[in-house]
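S.K.: Sequence plus predicted model, see below.
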Amino acid sequence: MTGTAITFMIISMVLVWGGLAVSTWSLFRHPEDIDDEPLPPVEL
Amino acid sequence: MSSPTGTGGTAHKVVKREAFGSRNVFILSAIGSAVGLGNIWRFPYVAYEGGGGAFLVPYLCALLTAGIPLLFLDYSIGHRFRGSAPLAFRRLNRKTEVLGWWQVLICVVIAVYYAAIIAWSTMYTAFSATLAWGKGNEGSFFEGEFLQLSKPTDGVTFDYVPGVLWPMLGVWAVILVIMVLGVKKGIGMANNIFMPLLTVMFLIMVIQAVMLPGAMDGLNAFFTPNWEALKDPAVWASAYGHIFFSLSVAFGIMVTYSSYLKRKTDLTGSGLVVGFANSSFEILAGIGVFAALGFMAQSSGQGVEDVVSGGIGLAFVAFPTIASNAAGGSIIGMLFFGSLVFAGVTSLISILEVIVAAVQDKLGWARVKATLVVTIPIAIVSIVLFASTSGLFVLDITDAFINQFGIMAVAFVTVLVVAYGVRALPKLAAHLNGRSTFKVGLIWRLLVGIVGPLALGYMLVSEIIAKTSEPYEGYPGGMLAVFGWGMVAAVIVLSVVLSMIPWGPNSKAKNDPEYREFLAAEGHEPDREQIAGSADGEGVRS
């Protein structure tokens, strides 16, 4: 592979797979609200 | 699966709306829908033709300025109006219901032929074990022994090919079971199983392909930028066109899927993950496919440019050739075609869900009844048309016309109507921002309202010119009239007719207690149709 092709392969991977990694990390920093699920029973 | 719920002693039972088990299952299902056959066999070819490494520029522009913004638009409509495409668009504005039916009918057409490709891929997965096509015989095996293809001039034939008919029956049986099980236990579970399997299988296939002699030549051809290509508007149009098709935007899937999300789900955050995951798979597919094509070029003593192909030719002729010649070719073949099967199944169930959900909402039917009534007739038409010796021709024409004049046209009209007809973008932006971490504002509205229509309009006009200037692929006028132009026109006419049929008292438009609760919880005005339903005492839940 030529240096140009390798460079563009790396740029593609970093931008797209990096975008996936950042968006996934960002999403999981904010866990899903479970507002409409019933609360667990309280043991007395 | 849906279950009838009590309605306070009133005459009608209300079928409770289904939901995904969690946000993660929704994301996996949305990725499963987006990652389809096109990611594997279309993207590498489009990228190579569009300038190789340089194609990354229009591709990323298209993803960020049109693909993801329109994905957000679909999510906002489905989640805000809590319905299948026709119901969600009706709730947006009575006059826009027709857009929803247009999207549903496009899904009907796609579902009919999509199953045929999955059936072919299933058979080729089995053929790969023994390389049943025979070395040097790959092209003639596909069209001759396997499909027993007739001539295009013979028109539609009803000579059935058992080697295609039985696998199609099998595919539809599996799909029927998944669909009957419902959103959580069927679609969610299928994606939970198939998507990790697809990823692992495809990854192994890519690693194997990269190890083949000549693979680096293929990757060289794929990633070396041709900057001249970027001066060609057609390359930019193909990047935008590919992103529209690839992300499953604007034909009801994402509207339907997002309607199954909980009230407080992060919509834009999920959308970014889906958009980038889809593109990540495409980059992986490009590496795997071009590494394999590099090997094919070297083993046949040709240049990579001489063996490059896309679509059905790449999958069912080029890949069997690669499998025939490579060490461990059977494994490469099984992994490649197995990946096509899983990618196809997860996309097909999302396409069918658009139709099933629309029927459920319109008629107030339970899951099983709606699924059987929708899926069985579609399966019959699918088998009648595509298990015959003329199946490939009909498929080629239908696919080309429904993509260009179905999906692209409905996307164009939808963004114009939503942005300028009913001026709903500010309301939808507020809905997205009310629950999402990635906020949208003026830029999103400009992208959806200006960039989207401009890109779609340009592509639509270009395609109309291309397809009216000469017969598509030289097919006979009669076949193009019926399965091309006629089908596109029938979809539009039927969608208008369907939008004129009144919604009954059992329909979700009239009787949807969950939607009333949603509106109240969100602080929105009550839905007028729902109020009418309440006054009639149609299953109102307190």
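M.R.: Looks like it came in fine.

S.K.: what residues are up against residue B:436?
M.R.: The contact partners of residue B:436, taken as C-beta atoms under 8 Å, 6 or more residues apart in numbering or on different chains, are B:266-269. Backbone N, C-alpha and C define where each C-beta goes, glycine included.

S.K.: Now do stretch B:434-447, average pLDDT.
M.R.: Averaged across stretch B:434-447, the pLDDT comes to 93.

S.K.: Out of the contacts of residue B:436, grab the one that's most surrounded.
M.R.: In terms of neighbour count, residue B:267 stands highest of these at 28 neighbours, by other C-beta atoms under 10 Å in any protein chain shown.

S.K.: what's around the nearest residue to that one once chain neighbours are set aside, how many residues?
M.R.: Spatially, and ignoring its direct neighbours in sequence, residue B:267 is nearest to residue B:75 (4.5 Å; C-beta to C-beta, 6 or more residues apart in numbering or on different chains). Burial of residue B:75 is recorded as 29 neighbouring residues (other C-beta under 10 Å).

S.K.: Need the pLDDT of residue B:75.
M.R.: Residue B:75 is assigned 96 on the pLDDT scale.

S.K.: do the same with residue A:43
M.R.: With respect to pLDDT, residue A:43 has a value of 47.

S.K.: What's the nearest residue in chain A when you look at chain B?
M.R.: Closest residue of chain A to chain B, C-beta to the nearest C-beta: residue A:8 (3.1 Å).

S.K.: dump the residue contacts of that residue.
M.R.: B:52-54, B:56, B:223-225.

S.K.: what's the answer for residue B:236, then?
M.R.: Counting by C-beta under 8 Å, 6+ apart, residue B:236 makes contact with B:58, B:61-62, B:230.

S.K.: That one sits in which helix or strand?
M.R.: Secondary structure assignment for residue B:236, by DSSP states H and E: helix B:233-246.

S.K.: buried set for that helix?
M.R.: Neighbour-count burial for helix B:233-246 flags B:235-246 (criterion: 16 or more other C-beta atoms under 10 Å in any protein chain shown).

S.K.: That helix: how far from the chain's middle?
M.R.: In this view, helix B:233-246 has its centroid 15 Å away from the chain centroid, taken as C-alpha atoms, centre = their mean, to the nearest Å.

S.K.: hmm, back to that, mind picking the two most distant members of the contacts of residue A:8?
M.R.: The span of these, defined through C-beta to C-beta, is set by B:56 and B:224 at 11.8 Å.

S.K.: For residue B:277, grab the count of nearby residues.
M.R.: Neighbour tally, residue B:277, other C-beta under 10 Å: 25.

S.K.: so what pLDDT did it get?
M.R.: Listed pLDDT for residue B:277 reads 96.

S.K.: Could you find the closest non-adjacent residue to it?
M.R.: Using C-beta to C-beta, 6+ apart, the nearest residue to residue B:277 is residue B:31, at 4.7 Å.

S.K.: Can you report how many residues lie near that neighbour?
M.R.: Residue B:31 - counted by other C-beta under 10 Å - has 23 other residues nearby.

S.K.: Contact partners for it?
M.R.: Residue B:31 makes contact with B:191, B:195, B:273-274, B:277-278, B:281 under the criterion C-beta under 8 Å, 6+ apart.

S.K.: ok but it is inside a helix, no?
M.R.: Yes. According to DSSP: H, G, I helix; E, B strand; the rest coil, residue B:31 belongs to a helix.

S.K.: so what's it scoring on pLDDT?
M.R.: 95.
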